[in-house]
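Asker: Compute the structure for the input listed below.
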Amino acid sequence: MTCRGHNCSNTKLIGAHIIPRGFANLIRADRNSELLKVADDGVSKAFPQLGETDGNILCADCDGLLGKNDGYAVDVCRKFKADDRANLFEDKSVEAERFSKFILSLLWRASISKRGRYCQVVTFGPYERVAREIIFGARPISEMRAFKLIVSRLRSRRHDVDRIIIEPVRFKFEKLNVYSFLLAGFRVLAVLDGRELGPEFDALIMNRTNVFRGTYLEFETLPEFKWLLSAFAANEKPLKKPVLADR
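Answerer: Residues are numbered from 1 along each chain as shown. The predicted structure is shown next:
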């Protein structure tokens with residue numbers, strides 16, 4: 001196998017994380033917290049505890065290049081301060097383009113992986129090459145008009161939304177092809193479609209406004225919440241343990 005990085009021909013590959021290892025560490029909070037794996041067939045202890053890897057996609061150097069934005073995104077999520085009274089968040093100290101490239105790189109890694117459900121869910125098709133060039137710095141993200149990133153912050157008085165990751169699912173949003181996932185307190189909507197969203201979304205498309213801005217969402221109103229409750233059969237019990245979920 002040859003590395004899938006931009007202009008890389010290295011055949012010495014490593015176990016590259018699809019969802020960066022730093023996020024597993026972040027939601028665990030400490031080494032004694034057991035990371036739970038949730039799927040349609042139930043809840044179990046996650047193995048490995050730092051998340052799924054694929055040993056056939058990247059070499060150490062290319063994985064390290066992507067890891068710089070991975071680490072930056074982990075820090076953004078760790079340091080974010082929610083406002084319980086606001087409907088909209090905005091933080092101009094965050095490099096929105098860098099965060100956007102991280103999201104694109106996470107999905108790109110999922111799209112080229114053959115592990116588990118990734119190969120069945122995330123497909124970039126004709127956008128794979130341009131996405132690779134963007135995340136490795138060979139061209140600007142503005143040249144990928146099909147990619148439109150909208151990020152919302154989760155809010156809950158009962159459940160620990162900062163400790164939940166739900167892997168990407170594909171669905172239709174405004175009739176466009178979208179990938180959605182939960183990531184340590186945030187809900188990500190990543191449109192991958194040549195068609196445009198309506199103008200009412202313009203101010204929220206992070207990779208075009210270049211502003212880390214989004215809306216707050218009540219966790220309990222989302223379909224992801226209802227699915228988690230069903231998987232846990234938890235009824236009224238709060239979700240407080242770190243969760244890596246596979247829908």
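
Asker: for the chain, what spans make up the strands?
Answerer: Using DSSP state E, the strands of the chain run over 16-17, 36-39, 42-45, 53-54, 88-91, 147-155, 164-173, 176-183, 186-192, 212-218, 243-245.

Asker: Dump those strands into a markdown table; add distance to C77, mean neighbour count and mean pLDDT as well.
Answerer: No exception for glycine: its C-beta is placed from N, CA and C like everyone else's. What follows is the strands of the chain, written out as a markdown table (distance: least, C-beta to C-beta, whole Å; neighbours: other C-beta atoms under 10 Å; pLDDT from 0 to 100):
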| stretch | distance to C77 | mean neighbour count | mean pLDDT |
| --- | --- | --- | --- |
| strand 16-17 | 16 | 25 | 90 |
| strand 36-39 | 19 | 18 | 70 |
| strand 42-45 | 23 | 12 | 64 |
| strand 53-54 | 20 | 20 | 86 |
| strand 88-91 | 12 | 14 | 94 |
| strand 147-155 | 10 | 21 | 96 |
| strand 164-173 | 10 | 19 | 88 |
| strand 176-183 | 7 | 21 | 93 |
| strand 186-192 | 7 | 22 | 96 |
| strand 212-218 | 11 | 17 | 96 |
| strand 243-245 | 15 | 23 | 67 |
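
Asker: Let me know which of these is the nearest to A82.
Answerer: strand 147-155 (6.1 Å; C-beta to C-beta).

Asker: Report the contact partners of D61.
Answerer: Applying C-beta atoms under 8 Å, 6 or more residues apart in numbering, we find D61 in contact with 5, 8, 10.

Asker: Among those residues, which one has the most neighbours?
Answerer: Neighbours here mean other C-beta atoms under 10 Å. Within the contacts of D61, the largest count is held by G5, at 20 neighbours.

Asker: F136: which of the contacts of D61 is nearest?
Answerer: G5 (6.2 Å).

Asker: Tell me the confidence at the nearest residue to the closest one once chain neighbours are set aside?
Answerer: Residue nearest to G5 in three dimensions, not counting chain neighbours: C62, with 3.1 Å by C-beta to C-beta, 6 or more residues apart in numbering. The confidence metric pLDDT takes the value 97 at C62.

Asker: And for C62, the neighbour number?
Answerer: Under the neighbour criterion other C-beta under 10 Å, C62 is assigned a count of 23.

Asker: wait, it sits on N7?
Answerer: No - using C-beta atoms under 8 Å, C62 is not in contact with N7, being 9.9 Å away.

Asker: nearest residue to R145 other than its sequence neighbours?
Answerer: Excluding the flanking residues, the one nearest R145 by C-beta to C-beta, 6+ apart is G194, at 7.3 Å.
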